[in-house]
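1. sequence and predicted structure below; questions after.
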Amino acid sequence: MNNYQLKIAPCISEKFPEYSALIIYACGLVNKSSDEYSTDVLRAAEQEQRSAFGTAKPASHPHIAAWRQAYKSFGAKPSKHLCAVEALLSRTLKGHDLPTVNYLVDLYNAVSIRHVLPVGGEDWDRLTSDLTLTLACGEEPFVVYESGEEVLTHPEPGEVIWADSTGVTCRRFNWRQCHRTQLIVDTKNTYFVFDCLPPYSIKQLMAAGEELIKHLKSSFPNCTITHEILGDHSLTCFSG
C-alpha cells in the first residue's frame with residue numbers, strides 16, 4: 001500500500017470554486033465477484049429511483065443539471081459525454097438493470113444512483129504518485145480497454161482530468177476511468193471519489209459517504225477507512 005493522496009490543482013479551484021469532493025480511502029478490503037448482497041443493493045437503488053423519477057429525465061435533477069453546465073464550461077457536450085451518475089440513471093430509468101461488475105463497483109454504483117451523485121472507485125495501489133484534479137494540456141496518456149485490447153488516447157486541451165505521474169486515471173471529472181486503476185476482484189486498497197456541485201449540499205454529500213462506509217465496514221470488518229473533503233468545504237468532516 002502507498003500513501004499517495006488526492007489533490008485539487010489551483011486552476012480547478014479557480015474555475016470551479018464551489019466544487020467539492022469527498023475522498024474515502026479504504027485499506028484491507030478483499031474485493032470479490034458480485035454476489036447476492038451487492039446485487040440486491042444495486043437493484044434496490046435502481047427501483048428506488050425509478051419510483052422517484054417516474055417519467056422525468058435524469059437531466060431534470062438539479063445536481064445533474066449542474067454537472068451538465070460544468071461539462072459545457074470546458075467544452076464537453078453534455079448530451080454526448082454524460083457525467084457518471086447521469087449515465088447510470090439514463091440506463092436505469094429506461095428499465096434496464098445495470099450490469100454487475102464486482103462487489104465494490106456494485107456498491108458504489110448503488111450509492112451513486114440512490115444519492116444522484118457521481119461516485120467512482122479505483123485501485124489505490126495502482127497510483128504512481130499523488131493524484132491531482134487538473135486541466136489537461138492534451139498530451140497526457142489515457143489508456144482504456146476496447147475489444148480486448150489496450151487503446152491509448154489523450155484528453156482534449158483544457159479538459160478536467162484526474163492524473164498521476166503515469167497518466168490520466170479519469171477524464172471529464174468523472175466521465176470515464178482508465179484501465180490501469182480500475183477495481184478488479186483482487187483489489188485490496190481503494191479510494192473513492194464523490195463529486196459535488198451546488199445546489200447539492202455538503203450534508204447530502206456526507207450522507208452518501210456514510211452509506212458507502214457502512215457497507216464497507218459491514219462487509220470488511222477489519223478494513224481501515226479514512227476520509228477528507230477537498231475543495232470549497234475542506235474543513236468539513238464527519239464520523240466514519
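-> Received the coordinates, thanks.
2. and the residue nearest to P155 when sequence neighbours are not counted, what is it in contact with?
-> Using Cβ to Cβ, 6 or more residues apart in numbering and skipping residues adjacent in sequence, the residue nearest P155 is A136, 4.0 Å away. For every residue, glycine as well, the C-beta is placed using N, CA and C. When contacts are counted by Cβ atoms under 8 Å, 6 or more residues apart in numbering, A136 touches 154-161, 163, 168.
3. tell me which of those residues fall in strands.
-> Counting by DSSP state E, the part of the contacts of A136 found in strands is 160-161, 163, 168.
4. for burial, what's the neighbour tally of L152?
-> Around L152 there are 9 other residues, counting by other Cβ atoms under 10 Å.
5. also F53?
-> Using other Cβ under 10 Å, F53 is surrounded by 16 other residues.
6. let's verify the residue located most distally from the centre of the chain: helix, strand, or coil?
-> Relative to the mean C-alpha coordinate of the chain, counting by Cα atoms, centre = their mean, the farthest residue is T55 (25.6 Å). Classification of T55 using DSSP: H, G, I helix; E, B strand; the rest coil returns coil.
7. if we can go back for a sec, output the contacts of A136 as a markdown table; include the columns neighbour count, distance to S13 and pLDDT.
-> Below are these laid out as a markdown table (neighbours: other Cβ atoms under 10 Å; distance: Cβ to Cβ, whole Å; pLDDT from 0 to 100):
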| residue | neighbour count | distance to S13 | pLDDT |
| --- | --- | --- | --- |
| H154 | 17 | 24 | 96 |
| P155 | 22 | 19 | 96 |
| E156 | 13 | 21 | 96 |
| P157 | 12 | 19 | 97 |
| G158 | 16 | 16 | 96 |
| E159 | 24 | 17 | 97 |
| V160 | 26 | 12 | 98 |
| I161 | 27 | 15 | 98 |
| A163 | 23 | 16 | 98 |
| V168 | 25 | 19 | 98 |
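8. and of those residues, the nearest to Y103?
-> Y103 lies nearest to V168 out of the contacts of A136, by Cβ to Cβ, at 25.7 Å.
9. wait, doesn't the closest one sit right on I161?
-> Yes - the criterion here is Cβ atoms under 8 Å, and V168 meets it with I161 at 4.8 Å.
10. where does pLDDT dip in this structure?
-> 1, 232-240 (pLDDT under 70).
11. where do the strands of it begin and end?
-> 6-8, 20-27, 119-123, 131-135, 142-146, 149-153, 160-163, 168-171, 176-177, 190-196, 224-231.
12. redo the ones you listed as TSV? Include distance to T100.
-> Rendered in TSV, the data for those read as follows (distance: least, Cβ to Cβ, whole Å):
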stretch	distance to T100
strand 6-8	27
strand 20-27	20
strand 119-123	15
strand 131-135	27
strand 142-146	18
strand 149-153	24
strand 160-163	25
strand 168-171	21
strand 176-177	17
strand 190-196	18
strand 224-231	23
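13. what residues are up against the residue nearest the centre of the chain?
-> Per Cα atoms, centre = their mean, the C-alpha nearest to the average position across the chain is that of G120, at 2.1 Å. G120 sits next to 84, 108, 170, 174, 177, 192-193, 195 when contact means Cβ under 8 Å, 6+ apart.
14. please pick the buried ones from those.
-> 84, 108, 170, 174, 177, 192-193, 195 (16 or more other Cβ atoms under 10 Å).
15. which residues does L22 bridge with?
-> F194, I229 (DSSP bridges).
16. can I assume it is in contact with T226?
-> No - the pair L22 / T226 is not scored as a contact, 11.7 Å apart, by Cβ under 8 Å.
17. more crowded one of the two?
-> L22 (26 against 11).
18. name the residues contacting each of V168 and I161.
-> 136, 140, 142, 155.
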